[in-house]
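Novice: attaching a predicted model along with its sequence, questions to come.
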Amino acid sequence: PTDSLMFAGNVAFLDTDTADLIINGTDLSGSKLRQAPETSYNLLATYNQETGFGDINYQLEFSHVDEQLMDYVQPLTVIQEHSLLDARIGWTSTDSQWEVAIWGKNLTEDDYISHSYVIGPGVIGVWGPPRTYGINVIWNLN
């Protein structure tokens, strides 16, 4: 509809059921592969607004990852599905020498575990980044 508006996305579907999988003498046939969510996708929308004092760029991004197994034997290492929403608004000067942007990640403040590891008899989980905000200022030396 317009050159200023762009939509993008990707999707992945994985069928990782295993046949004849034996690890350290344990028959894991029928298990799913580690770190392989069945479905993951990403959606992105950007809009660029031209003004007399430069361009303003708006960006919104949504991503989703299904649950995934991190260890074949330890069921506590399953990472639950999670979704993230990120946004960014930026300004670029007419001569493209300056760019200023404000951004936020994980805006819905979704608490999720991004990785888990088996350490001896226990499991350690690593939390994904919390909601974060920032400002970028870029000066291009042309």
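Specialist: Right, received. Where do you want to start?
Novice: looking at this structure, which residue lies furthest from center?
Specialist: Most distant from the centre of the chain: G25, at 35.6 Å, with distances by CA atoms, centre = their mean.
Novice: any idea how far that one is from A12?
Specialist: Distance check for G25 against A12: by CB to CB, to the nearest Å, it reads 32 Å. Using the backbone N, CA and C atoms, a C-beta is placed for each residue, glycine as well.
Novice: next: W91.
Specialist: Taken as CB to CB, the span from W91 to A12 is 34 Å.
Novice: so for those two, which sits in the more crowded spot?
Specialist: W91 (16 against 13; other CB atoms under 10 Å).
Novice: surely the more buried one and E99 touch.
Specialist: Yes. Between W91 and E99 a contact is recorded at 6.9 Å, counting by CB atoms under 8 Å.
Novice: could you find the closest non-adjacent residue to the most centrally placed residue in the chain?
Specialist: With distances taken as CA atoms, centre = their mean, S63 lies nearest the centre of the chain, 5.4 Å away. Closest residue to S63 apart from its sequence neighbours, by CB to CB, 6 or more residues apart in numbering: N42 at 4.5 Å.
Novice: the one you found contacts A12, doesn't it?
Specialist: No. Using CB under 8 Å, N42 is not in contact with A12, being 9.2 Å away.
Novice: list the beta-bridge partners for L84.
Specialist: S63 (DSSP bridges).
Novice: count of neighbours near it?
Specialist: 19.
Novice: and the one 4 residues further on, by the same measure?
Specialist: By other CB under 10 Å, the residues close to R88 number 17.
Novice: now it, what are its backbone angles?
Specialist: The phi/psi pair for R88 (degrees, to the nearest 10) reads phi -150, psi 140.
Novice: tell me what I124 is bridged to.
Specialist: I124 has these beta-bridge partners by DSSP bridges: Y117.
Novice: make that W103, sorry
Specialist: R88, G134.
Novice: I figured it hits N136, correct?
Specialist: Yes. Using CB under 8 Å, W103 is in contact with N136, at 7.1 Å.
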